[in-house]
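Participant: pasted the sequence and its predicted model underneath.
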Amino acid sequence: MKPRELYACIVVREFPAQAMLRLRPELRTEPCVILDGAPPLETVCSLNRRAHQLGLAAGMTRVEAETFPATLLARSRSEEAGARSALLACAARFTPRIEECGRGSTCLSVLDIAGTTLLFGPPAKLVAGLLDQLRAMGFTAAVAVSANFHAARCLALARNSGYCVIPAGQESHALASLPLAVLDLAEQQAETFAAWGIRTLGELAALPETSLIARMGQAARHLRQLAGGTAAHLFLPIEEELAFEEKIELDTPVDLLDSLLFVLRVLLEQLIARAANQLVALASVTVALRLEGQAAHVRTVRPALAGNDLQLWMKLVQLDLAAHPPQAAILAVTLSAETGSRNKVQLGLFSPQAPEPDRLDVTLARLRSLVGEDCVGTPVLKNAHRPDSFEVAPFRVASTKNKTSAEPHPVRGALRTLRPAEPLSITLRDKTPEAFIFRATRYRVERAYGPWIASGEWWSPTLWAAQQWDIIARGANGERLYCCLTYEPLEKQWQMASLYD
């Protein structure tokens, strides 16, 4: 049995213009044209609907376009690549089988949606959801659904917006009124059909096949099949790597952080929308700024928990850039993101409410701006015997898997480490501490445990040695003190290292 075929064709007209305006929402209601080429010989390669209404057209020179009250923008291939990735990621939510067959300034993608009825409902419902997703990404598109690949493509090219669904077997009737412009005709073929008075696909399909081949060759047979909606096609899906990156080249250099945040907000909205379409969350965002003089400024924001909260990401990026501002005017901005799984919190009936993740991340960001990047995080012991040897690692929320609340929690005394250690005046008897003066108070030692002797790194200039004593002492007022004393033989110095609570 022949497998059932069903295709949905997406057409995004004036793709260079839509790719740039999706990142510039303030210009969407203004007439805009996109210029391509080397100055001063730029020509109009794409324009929006309002520019069409003013009388602008593709192929005009810069001098001609400047006579109209329209905004002129230079074409950006990088922004078009980002828009293409966003469009394909949006379409991939409905099917992984996508073929691209665009031409000129039109972006055209055909989706194989056969067998998706149980997931997304009938084709009309799927296409309506697809158009909603495209509008949310900033695209204006037209979609056509048909059981024939080429019929869906021609029907979509004939529409400016919206969608249509053609029942199986009705392709020739639906294509009959379409102009020959929807076919990729050679110049000689178009002249021949114009001389014969053939202007629609229905008139082309009605021509006798044998006589048509005799006059125009075997290529005319394929054109007749396209016009009748019976041409076969070998579907060649692309293999697009999933990447989350948005880039914008600024029209004028930006010096102020507030102006930069306005641009970053638009880029973050696009990244979050793309992540939501893939049912993932943003785990980290890298801001790469291209500065004047070809310098680069790169910052990575990695919160404790992944999420898609726009306000949270804006606040974290703002705090990071305020603490590490760029040193020159900004010419271009690139945002790339790594994704992670969404956070799921199981709340208990009698368990206390946990702090909100956004408050934790913003608090950590503010602390880093006050005390420095290396002073906020989780302490991690180093693989060394040196006393007080640790480093600060980035804070991460530990997983709660494989943990049971029935496990007993051991009770431990708190050790308060003094940084830096405070020097002492001490009295010894038989090389054992007998009394010492700490913070202007004299203490008499009641019990002394030690010494525990350690040394290391004899092969490096950082040679170290230490003796440690655990002491129970009593002050003149009768107050007991539980502490840890250290003695450094190399420097011959006694110090108060830590206090036991």
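Facilitator: Thanks, I have it.
Participant: name the element the spatially most central residue of the chain belongs to?
Facilitator: Nearest residue to the geometric centre of the chain (C-alpha atoms, centre = their mean): A337, 3.4 Å. Take DSSP states H and E as the rule and A337 turns out to sit in strand 330-340.
Participant: name the residues of that strand that come out as buried.
Facilitator: 330-337, 339 (16 or more other C-beta atoms under 10 Å). Placement of C-beta: from N, CA and C, glycine included.
Participant: returning to what we had before: and the residue nearest to the centre of the chain, how far is that from P394?
Facilitator: Distance, A337 to P394, by C-beta to C-beta, to the nearest Å: 17 Å.
Participant: ditto for G121
Facilitator: Taken as C-beta to C-beta, the span from G121 to P394 is 44 Å.
Participant: in the lengthiest helix in the chain, what counts as buried?
Facilitator: What stands out as the longest helix in the chain, according to DSSP state H, is helix 257-277. Residues 260-261, 263-264, 266-277 are the ones in helix 257-277 that count as buried (16+ other C-beta under 10 Å).
Participant: quick one, the helix or strand just after it and helix 257-277 angle?
Facilitator: Going down the chain from helix 257-277, the next helix or strand is strand 281-291, by DSSP H and E. Interaxial angle, strand 281-291 versus helix 257-277 (axes from the mean of the first three to the mean of the last three C-alpha atoms, to 10 degrees): 140 degrees.
Participant: what sits up against strand 281-291?
Facilitator: 244, 264, 268, 271-272, 275, 296-303, 306-308, 313, 317, 320-321, 326-343 (C-beta atoms under 8 Å, 6 or more residues apart in numbering).
Participant: strand partners of the helix or strand just after it, parallel vs antiparallel please.
Facilitator: Sequence-wise, the next helix or strand downstream of strand 281-291 (DSSP H and E) is strand 296-301. Strand pairing for strand 296-301, determined by DSSP bridges: strand 281-291 (antiparallel).
Participant: what's the mean pLDDT across the partner strand?
Facilitator: Strand 281-291 carries an average pLDDT of 92.
Participant: chain center to the longest helix of the chain: distance?
Facilitator: How far helix 257-277 lies from its chain's middle: 9 Å, per C-alpha atoms, centre = their mean, to the nearest Å.
Participant: over to stretch 30-39?
Facilitator: Stretch 30-39 sits 28 Å away from the centroid of its parent chain (C-alpha atoms, centre = their mean).
Participant: hey, where'd the helices end up in the stretch 101-250 of the chain?
Facilitator: Using DSSP state H, counting those that start in this stretch, the helices of the stretch 101-250 of the chain run over residues 117-120, 123-136, 149-157, 171-175, 187-196, 201-205, 209-216, 218-228.
Participant: which other helices and strands contact the third one?
Facilitator: Think helix 149-157. With contacts taken as 3 or more C-beta pairs under 8 Å, 6 or more residues apart in numbering; DSSP states H and E, helix 149-157 sits against strand 7-12, strand 107-112, strand 142-146, helix 171-175.
Participant: got the angle for it vs helix 218-228?
Facilitator: Angle of helix 149-157 versus helix 218-228, following the same axes, to 10 degrees, is 60 degrees.
Participant: the second one now?
Facilitator: Note on geometry: by the same axes, to 10 degrees, helix 123-136 and helix 218-228 are set 100 degrees apart in direction.
Participant: and the direction of helix 123-136 versus that of strand 142-146, what angle?
Facilitator: 160 degrees.
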